[in-house]
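Visitor: below is the structure, and that's it, no one-letter string:
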């Protein structure tokens, strides 16, 4: 156990060191300062000429948001069309893969567009090589680039100067792809190939097992998809079992590489904030807060899984190696739980183990991490969520000292506070409302919901608390852009495809629109130098206040649902 903990610490330290360097590089890229990849400028200019865009032309905020919306609609329409006709496309078709029906195609397109990658299909049997690369991998690049771009736009609005434009969306989008995501993905893909991850367009193979059975073995261009899956906080697996599959994650070398790439850009964006605004202390405080909160969520998951499942212990089964149910034995209990803690805080949602098999209290911390979604978070979007809590903390702290709320020299007015509160409240309303609809349908079904085929373990626990948690988890994961799930849910149905698609859309674009509107308001205001009466935001005291605000809001919004789900399951299980 001790050696594993030391390994986790070294892995985290490596990720931090790389993130600091990457954050400084991001600052140079988006300040248009000289960087190591300036040789790509001619290719970028060619792309801009092809799409008819002048990247130096600033966009007003309304036009910027309009560009985000238009590109999103275009990608969804194209993706749905290709997924519904994938069988007829003769290129990279390994054969035998059926087209997706329109509800599944719509759900899949929206899922990958929003960086959620909530997969209601099994990768190796639900999508052709063409769909995996041209549709799904492409959308993962575009969604990650969009997240990074809007995050940069928000950070620009916090500069000391005033303005009416966050920049040019298309210019930042192309730079996000050519200067950041594509080069990093290429490097990671080369490493994965050398580590044993397949990269082939050959059709599925057939092998004969030791007992003489013929078995079809899925393979494909796996290494091309995995880097952006983790770098972009996407999480979409090439195979149905995601990163637990030995072709996606052959051993501990790829385990470490995957986790470093998951950590890299969300951490680097926090460093980017400090470098770009020339407020490194602010970046350190935010990073410290995020790291502390991530540990407060991850350590209990590791502790719960290492302690074992009390229900299994009651049967007299030895659990000295922890709760092994649903774990990948190549990694074991602690490594699986550590991976879980990272991938619920950073909404990659990639799995090396079955979250549905984790102990009930582990489910509490999984849900909390996804619900708050502000500790590292996605590429750019993690800071956006934390920014909303910062606005509220500034408002409360300024009231306590009798001062007008200010953020980095810009006065925070009523409009900004209302927008921040509105976005934070909207998120739980979406997933709690949709969960209530699902519970109502199950409870009103004449056979208790058995015929629906939704909950394979709906009676787990004396009153079906686990079934409730399963449905709640699906919607929380959708709204938070995480994409992981309790896979006992029969989710490939029109109801779940359409309702989770709605949850993903609202969960993605309400925060983007809300935070960019706040940024627009702040950017237009004059800079006011701080005085002795200003609430200092670049202090650990404010960091402590921000932590308390997050805890209070989290308790008010989330505790009732947790109480009738995983907490109730824990309290009623046999001991």
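Guide: Yes, it's here. Treat the numbers as computed from the prediction; the structure is a model and nothing was measured.

Visitor: find the nearest non-adjacent residue to residue 465, please.
Guide: residue 569 (3.9 Å; Cβ to Cβ, 6 or more residues apart in numbering). All C-beta spots, glycine's among them, are computed from the backbone N, C-alpha and C.

Visitor: state the helix or strand in which that neighbour lies.
Guide: helix 566-572 (DSSP states H and E).

Visitor: tell me what that helix is packed against?
Guide: If contacts are counted by 3 or more Cβ pairs under 8 Å, 6 or more residues apart in numbering; DSSP states H and E, helix 566-572 sits against helix 360-372, helix 465-479.

Visitor: the last one: what's the following helix or strand?
Guide: In this case it means helix 465-479. Heading C-terminal from helix 465-479 (DSSP H and E), you reach helix 494-523.

Visitor: the shortest one too?
Guide: The helix or strand immediately downstream of helix 360-372 is helix 381-401, counting by DSSP H and E.

Visitor: report the angle between that following helix and helix 360-372.
Guide: 80 degrees (axes from the mean of the first three to the mean of the last three Cα atoms, to 10 degrees).

Visitor: identify each buried residue in helix 381-401, please.
Guide: For helix 381-401, a neighbour-count test (16 or more other Cβ atoms under 10 Å) marks 381-398 as buried.

Visitor: per-residue confidence at residue 252?
Guide: We have a pLDDT of 93 for residue 252.

Visitor: tell me the contacts of it?
Guide: When contacts are counted by Cβ atoms under 8 Å, 6 or more residues apart in numbering, residue 252 touches 330, 331, 335.

Visitor: from residue 439, how far off is it?
Guide: In this view, residue 252 and residue 439 are 41 Å apart by Cβ to Cβ, to the nearest Å.

Visitor: with residue 355 instead?
Guide: According to Cβ to Cβ, residue 355 stands 20 Å off from residue 439.

Visitor: mind putting the helices and strands packed on helix 566-572 into a markdown table with distance to residue 83, mean pLDDT and mean neighbour count?
Guide: Shown next, in a markdown table, are those (distance: least, Cβ to Cβ, whole Å; pLDDT from 0 to 100; neighbours: other Cβ atoms under 10 Å):
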| stretch | distance to residue 83 | mean pLDDT | mean neighbour count |
| --- | --- | --- | --- |
| helix 360-372 | 26 | 92 | 25 |
| helix 465-479 | 18 | 93 | 27 |
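
Visitor: as CSV, these with distance to residue 126 would be great.
Guide: Putting these into CSV (distance: least, Cβ to Cβ, whole Å) gives the following:
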stretch, distance to residue 126
helix 360-372, 24
helix 465-479, 18
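
Visitor: ok, which of those comes nearest residue 107?
Guide: Closest to residue 107 of the helices and strands packed on helix 566-572 is helix 465-479 (Cβ to Cβ; 9.6 Å).

Visitor: would you map the strands across this structure?
Guide: All strands of the chain, identified by DSSP state E, fall at 205-208, 214-217, 406-407, 410-411.

Visitor: and for the first one, what's in contact with it?
Guide: I take that to be strand 205-208. By Cβ under 8 Å, 6+ apart, strand 205-208 touches 214, 215, 216, 217, 219.

Visitor: so what strands line up beside that strand?
Guide: strand 214-217 (antiparallel) (DSSP bridges).

Visitor: any idea how far the strand it pairs with is from the middle of the chain?
Guide: Centroid separation for strand 214-217 versus its chain: 34 Å, with Cα atoms, centre = their mean, to the nearest Å.

Visitor: related to what we said a few turns ago, can you redo the contacts of residue 252 as JSON lines with distance to residue 138, pLDDT and neighbour count?
Guide: Below are the contacts of residue 252 laid out as JSON lines (distance: Cβ to Cβ, whole Å; pLDDT from 0 to 100; neighbours: other Cβ atoms under 10 Å):
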{"residue": "330", "distance to residue 138": "31", "pLDDT": "89", "neighbour count": "15"}
{"residue": "331", "distance to residue 138": "30", "pLDDT": "91", "neighbour count": "21"}
{"residue": "335", "distance to residue 138": "31", "pLDDT": "94", "neighbour count": "22"}
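
Visitor: for the stretch 451-575 of the chain, give me the ranges with low pLDDT.
Guide: 457-463, 533, 575 (pLDDT under 70).

Visitor: quick one: residues in contact with stretch 184-193.
Guide: 141, 199, 222-224, 226-228, 230-231, 254, 257, 261, 264-265.
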